[in-house]
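> okay, sequence plus prediction incoming.
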Amino acid sequence: NAGVTQTPKFQVLKTGQSMTLQCAQDMNHNSMYWYRQDPGMGLRLIYYSASEGTTDKGEVPNGYNVSRLNKREFSLRLESAAPSQTSVYFCASREWTGNTEAFFGQGTRLTVV
Amino acid sequence: AQSVTQLGSHVSVSEGALVLLRCNYSSSVPPYLFWYVQYPNQGLQLLLKYTTGATLVKGINGFEAEFKKSETSFHLTKPSAHMSDAAEYFCAVSAGAQKLVFGQGTRLTINP
């Protein structure tokens, strides 16, 4: 069972470049999430998708866009990367109901120079 | 809107001592509460969760947490720390909408 798979695992970008972080889950979950993790800041929610076809902003959406391509896949796009977006990005998924646990990918370590 | 505050970004205890990691939440509706653990260079995994019913919740690796509505708290405890418990711990709340909001995290260090 793969669970939640994120690609790539590591990436270095130059300021102004664009890239898409990919996330796929094989657990038939309805809800998917993108977080960023920075030292001392915990995990901050960027965007989430409660179900296929819907997306909503989280705490820190500026500079990012998302696409819920289908039930399995939820991608995060940086249109013009900035050094402030240097972070570790985690994708997660869970069932529809709020009392279920979220399952996390292994993370993408992104450095913007 | 919901939020989580974890008191203490870094906690250090001796091996065999009590572990206490503090979490307070804010929610306008009955919350669902979670504790996750993150080992270095890994994703997060669930330790335990509170949904409804019994307020004392037991999780993996000997951890437990008690939901106290009057104090809006969900503190994590373990009677006797082990070296393998060294990790970062996150408290999270889910209430109403599908958002899942995390606290700032607490790094637990175990001294031999």
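That came through fine.

> chain A versus B:S14, what's the distance?
Distance from B:S14 to chain A, counting by CB to the nearest CB, to the nearest Å: 25 Å. For the C-beta atoms, the positions are set from N, CA and C on the backbone; glycine is no exception.

> and what of B:S80?
B:S80 is 26 Å from chain A, where distance means CB to the nearest CB.

> that residue - how many residues pack around it?
12 (other CB atoms under 10 Å in any protein chain shown).

> for residue 71, give me its contacts.
You didn't pick a chain, so chain A it is. Residues counted as contacts of A:K71 (CB atoms under 8 Å, 6 or more residues apart in numbering or on different chains) are A:N28, A:H29, A:N30, A:E52.

> hmm, I had chain B in mind actually
Contacts of B:E71 (CB under 8 Å, 6+ apart): B:N24.

> against chain A, how distant is it?
B:E71 is 21 Å from chain A, by CB to the nearest CB.

> any idea what the residue most central in space within chain A is bridged to?
Most central in chain A under CA atoms, centre = their mean is A:W34, positioned 2.8 Å from the mean C-alpha point. Under DSSP bridges, the beta-bridge partners of A:W34 are A:Y47, A:C91.

> need the residues of chain B near chain A, please.
Residues of chain B lying close to chain A (CB under 8 Å from any CB of the partner chain) are B:6, B:9, B:32, B:34, B:42-46, B:49, B:51-52, B:90, B:92, B:94-105.

> can you rerun that using 6 Å?
With CB under 6 Å from any CB of the partner chain as the criterion, chain B meets chain A at residues B:32, B:43-44, B:46, B:49, B:51, B:94, B:98, B:100, B:102-105.

> what's the end-to-end length of stretch A:63-83?
11 Å (CA to CA, to the nearest Å).

> sort out which residues of that stretch are buried, please.
Residues A:Y64, A:V66, A:R68, A:K71, A:R72, A:E73, A:F74, A:S75, A:L76, A:L78, A:A81 are the ones in stretch A:63-83 that count as buried (16 or more other CB atoms under 10 Å in any protein chain shown).
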